[in-house]
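Colleague: Need a 3D model of the sequence below.
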Amino acid sequence: MMERSEILSAMSELKLYGMKTAYDEIISTAVKRQHEPQRVVGDLLTAEITEKQARSIRYQITIAKLPLAKDVDTSSSPTHRSTKSWCAISPPASSCRISAMSCWSAEPVPERLT
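Modeller: So this is what the prediction gives:
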């Protein structure tokens, strides 16, 4: 029978980082609840798949060329508005009786004084 340290070392060598991270929790839960070996293996595989998907998403976000918020704010192009001057929709005036939709208006958000 392999010792815990040998199992974790083998998982590292095989690059099963999700399994390695979840191993202690899954084994302790399995012992407490007397899970079948198939369930334990399934839980370890699920942990590995989840970790690989998360790693893939982190990588994709890292390589994505998304504009930073400071780039949008400091843009000198007249077509780009500062995030502070975006419009807000104001509620209809109480005196308007024609239709609710015709009374809505878009006005620039006033800048806050700090």
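Colleague: neighbours around residue 52, how many?
Modeller: The tally of other residues near residue 52 (other CB atoms under 10 Å) stands at 14. Glycine gets a C-beta too; all of them are placed from N, C-alpha and C.
Colleague: swap in residue 17?
Modeller: Neighbours of residue 17 (other CB under 10 Å): 15.
Colleague: Quick one: residues contacting the nearest residue to it once chain neighbours are set aside.
Modeller: The shortest distance from residue 17 to any non-neighbouring residue, by CB to CB, 6 or more residues apart in numbering, is to residue 51 (5.9 Å). Residues in contact with residue 51, defined by CB atoms under 8 Å, 6 or more residues apart in numbering, are 17-18, 21-22.
Colleague: If you rank those by neighbours, which is first?
Modeller: Using other CB under 10 Å as the neighbour test, those are led by residue 18, with 21 neighbours.
Colleague: picking that back up, widest-spaced pair of the contacts of residue 51?
Modeller: Farthest-apart pair in the contacts of residue 51 is 17 and 22; separation 9.7 Å (CB to CB).
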